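**Q** compute the structure for the input listed below.
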Amino acid sequence: MTTRTPSPVPMRDDVHVHPGPALLSGLAGGPSLTAHRSQYGALPRLDLPALMDLARAAGLRGRGGAGFPFAIKLSTVAEGKRRPVVVVNLSEGEPASSKDSALAQARPHLILDGAVVAAVALGARDVYVVLPGDRPLAAQRMTKAMAERKDPVRLHRSIADSRFVAGQARAVIELLSGRPNLPATTWVPDAVSGLDGRPTLLSNAETWAHVGYLALRGEAAYRSNGTPDEPGTTLMTITAPGMVPQVREVAYGTRLRDVLPSSLHGAPALVGGFHGSWATWPTLASAKVSVGGFRSLGLALGAGIIHLPGRDACPLEFTSRVVDYLADQSAKRCGPCLNGLPALADAVRGLLVGSGRQARIEVLAGMVERRGACAHPDGTVRLVRSLFTMLPEEVAAHATGGCMHRPLRVAS
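**A** Residues are numbered from 1 along each chain as shown. Reported below is the predicted structural model:
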């Protein structure tokens with residue numbers, strides 16, 4: 001049996017869910033359908049024009065990382081010639097993310113309400129819920145919630161593989177099609193041709209929870225949080241060594257430093273997860289939670305992950321471990337993943353001990369970026385390059401055999 005490279009951030013099933021202003025309000029009532037209906041009332045039946053108008057008016061965007069306008073995706077699916085399907089992607093293969101898992105445990109019916117209201121509006125008969133294979137509590141809570149419901153559509157349950165790339169959209173479609181749960185090359189969006197060639201409305205759990213909240217509470221409640229240009233809230237996962245993952249619901253426009261534990265102020269952090277970027281403390285301290293605001297700082301809000309390794313942790317060593325993990329987790333179906341990522345991991349490891357060179361890493365990055373069957377190589381390159389743009393002093397210290405944070409320890 002092959003031993004897989006462990007994740008530098010453990011995959012946790014336990015999570016501390018903080019009360020929030022919208023999706024995470026009223027948590028004391030519990031996750032049952034009875035409690036959910038007591039808080040929100042019956043799910044309204046919206047036709048397609050009404051749901052599209054509501055999504056446009058609220059400025060609803062997906063929370064899977066790309067921030068794509070939900071109304072546009074909904075419209076694309078509706079324009080298909082075949083009956084569409086709806087998919088709830090709860091696989092959450094990123095070890096540092098716990099937001100979808102938190103929703104599955106605390107707000108499962110808000111997720112399902114969003115998927116069901118969209119399915120009914122589209123005339124879809126089936127909603128497929130893909131559950132995580134490595135977070136049993138989240139999967140159990142979601143399965144129980146599905147059993148409580150009586151909806152005008154069929155709810156189907158599948159379990160994703162325990163693999164980083166298993167949550168990629170096309171990998172989810174492959175799983176539901178009865179093939180290996182791995183990314184596959186496609187030139188057509190899922191909204192045009194997804195499961196069985198049908199238009200497929202696929203989003204992550206947080207996006208569906210926002211759809212459910214918007215349908216139940218309306219535009220005014222949705223826009224009561226955030227800013228006029230960026231309304232609403234987003235879920236963020238805050239992780240640090242030895243700490244239970246913290247999931248917080250944050251209104252857009254909130255100062256990022258107010259979300260982070262004060263005990264870890266002053267240290268660099270990894271923003272956006274394993275496919276994200278490093279950020280210095282001055283950058284973190286000045287940032288506001290915003291898709292556009294993060295982009296202006298050279299960062300990506302992505303799936304809302306902030307990992308804080310701590311003041312004494314070496315970012316370069318941590319990055320090396322992440323790249324080792326990502327190289328091992330790839331689908332290994334194309335050259336950039338099969339050969340390029342292991343070579344990149346070796347080069348980063350060399351940089352860690354002072355024997356590698358930035359020029360070599362740039363060559364390898366150019367060979368894998370935008371050449372893979374999915375975005376996995378691109379995300380890995382983004383992480384590595386952020387070392388040079390955000391933490392050049394750390395890289396320079398290692399080039400001479402030193403380390404700015406602590407005595408060097410190379411992972412075996």
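**Q** any idea how this structure splits into domains?
**A** Annotated domains of the chain cover 16-223, 315-399 [automatic domain parsing].
**Q** any chance of JSON lines for these, columns distance to Trp281, mean pLDDT and mean neighbour count?
**A** C-beta: built from backbone N, CA, C; applies to glycine. As requested, the domains of the chain are arranged in JSON lines below (distance: least, Cβ to Cβ, whole Å; pLDDT from 0 to 100; neighbours: other Cβ atoms under 10 Å):
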{"stretch": "domain 16-223", "distance to Trp281": "19", "mean pLDDT": "96", "mean neighbour count": "20"}
{"stretch": "domain 315-399", "distance to Trp281": "11", "mean pLDDT": "91", "mean neighbour count": "20"}
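**Q** got the ones you listed as CSV, with distance to Lys288 columns?
**A** Formatted as CSV, the entries for the domains of the chain read as follows, by distance: least, Cβ to Cβ, whole Å:
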stretch, distance to Lys288
domain 16-223, 15
domain 315-399, 18
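**Q** what about the residue most central in space within the chain, is that helix, strand or coil?
**A** For the chain, the residue sitting closest to the mean C-alpha position, by Cα atoms, centre = their mean, is Ala303 at 3.6 Å. Per DSSP: H, G, I helix; E, B strand; the rest coil, the local secondary structure of Ala303 is coil.
**Q** wait, isn't it in contact with Arg63?
**A** Yes: in this structure, Ala303 is within contact of Arg63 by Cβ atoms under 8 Å, at 7.5 Å.
**Q** shared neighbours of the two, which are they?
**A** When contacts are counted by Cβ atoms under 8 Å, 6 or more residues apart in numbering, the set common to Ala303 and Arg63 consists of Asn204.
**Q** strands of the stretch 101-250 of the chain, start to end?
**A** Ranges of strands in the stretch 101-250 of the chain, per DSSP state E, counting those that start in this stretch, are 126-131, 154-159, 200-204, 233-239, 246-251.
**Q** which residues touch the spatially closest residue to Leu214 that is not a sequence neighbour?
**A** Here the nearest residue to Leu214 in space, its sequence neighbours aside, is Tyr222; by Cβ to Cβ, 6 or more residues apart in numbering that works out to 5.0 Å. For Tyr222, the contact set (Cβ under 8 Å, 6+ apart) comprises Ala22, Ala58, Leu60, His210, Tyr213, Leu214, Pro231, Gly232.
**Q** quick one: Arg107 and Ala209 touch, right?
**A** Yes: distance between Arg107 and Ala209: 5.9 Å, which falls inside the contact criterion (Cβ under 8 Å).
**Q** what sits in contact with each of these two?
**A** Contacts common to Arg107 and Ala209, judged by Cβ under 8 Å, 6+ apart, are Leu23.
**Q** enumerate every residue touching Arg333.
**A** Under the criterion of Cβ under 8 Å, 6+ apart, the contact list for Arg333 reads Leu182, Pro183, Ala184, Ala373.
**Q** re earlier: how close does the residue nearest to Leu214 get to Ala209?
**A** Separation of Tyr222 from Ala209 (Cβ to Cβ, to the nearest Å) stands at 12 Å.
**Q** go on, Ala279?
**A** As judged by Cβ to Cβ, Ala279 and Ala209 stand 27 Å apart.
**Q** let me know how buried His405 is, in neighbour terms.
**A** Neighbours of His405 under the rule other Cβ atoms under 10 Å: 20.
**Q** now render the contacts of Tyr222 as a markdown table, adding distance to Tyr128.
**A** A markdown table is the format used below for the contacts of Tyr222 (distance: Cβ to Cβ, whole Å):
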| residue | distance to Tyr128 |
| --- | --- |
| Ala22 | 26 |
| Ala58 | 25 |
| Leu60 | 21 |
| His210 | 19 |
| Tyr213 | 21 |
| Leu214 | 22 |
| Pro231 | 29 |
| Gly232 | 26 |
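**Q** any idea which of those residues is closest to Glu79?
**A** For these, the closest approach to Glu79 (Cβ to Cβ) belongs to Leu60, at 18.7 Å.
**Q** returning to that earlier point: let's have the strands of the stretch 101-250 of the chain in a markdown table, adding distance to Ser286.
**A** A markdown table is the format used below for these (distance: least, Cβ to Cβ, whole Å):
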| stretch | distance to Ser286 |
| --- | --- |
| strand 126-131 | 38 |
| strand 154-159 | 42 |
| strand 200-204 | 28 |
| strand 233-239 | 17 |
| strand 246-251 | 16 |
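**Q** do you know which of the ones you listed lies nearest Leu352?
**A** Comparing those against Leu352 with Cβ to Cβ, the closest turns out to be strand 233-239 (21.9 Å).
**Q** residue contacts, Met146?
**A** Met146 neighbours (Cβ under 8 Å, 6+ apart): Pro108, Leu112, Val129, Leu155, Arg157.
**Q** would you reformat the residues you listed as TSV and include distance to Gly242?
**A** As requested, the contacts of Met146 are exported to TSV (distance: Cβ to Cβ, whole Å):
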residue	distance to Gly242
Pro108	29
Leu112	34
Val129	32
Leu155	38
Arg157	34
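**Q** Arg248 reaches Val259, doesn't it?
**A** Yes: Arg248 lies in contact with Val259 (Cβ under 8 Å); the separation is 5.8 Å.
**Q** shared neighbours of the two, which are they?
**A** Shared contacts of Arg248 and Val259, defined by Cβ under 8 Å, 6+ apart, are found at Met236, Ile238.
**Q** that older thread, make TSV from the contacts of Arg333 and add distance to Leu48 to it.
**A** Converted to TSV, those look like this (distance: Cβ to Cβ, whole Å):
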residue	distance to Leu48
Leu182	33
Pro183	30
Ala184	30
Ala373	33
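**Q** for the nearest residue to Ser162 once chain neighbours are set aside, give its distance to Glu94.
**A** With sequence-adjacent residues excluded and distances taken as Cβ to Cβ, 6+ apart, Ser162 is closest to Asp134, at 4.0 Å. With distances taken as Cβ to Cβ, Asp134 is found 11 Å from Glu94.
**Q** also Gly62?
**A** Computed with Cβ to Cβ, the distance linking Gly62 and Glu94 is 16 Å.
**Q** pretty sure Ser330 contacts His376?
**A** Yes: taking contact to mean Cβ under 8 Å, the distance of 5.6 Å between Ser330 and His376 places them in contact.
**Q** which neighbours do these two share?
**A** Residues touching both Ser330 and His376 (Cβ under 8 Å, 6+ apart): Val165, Cys337, Leu341.
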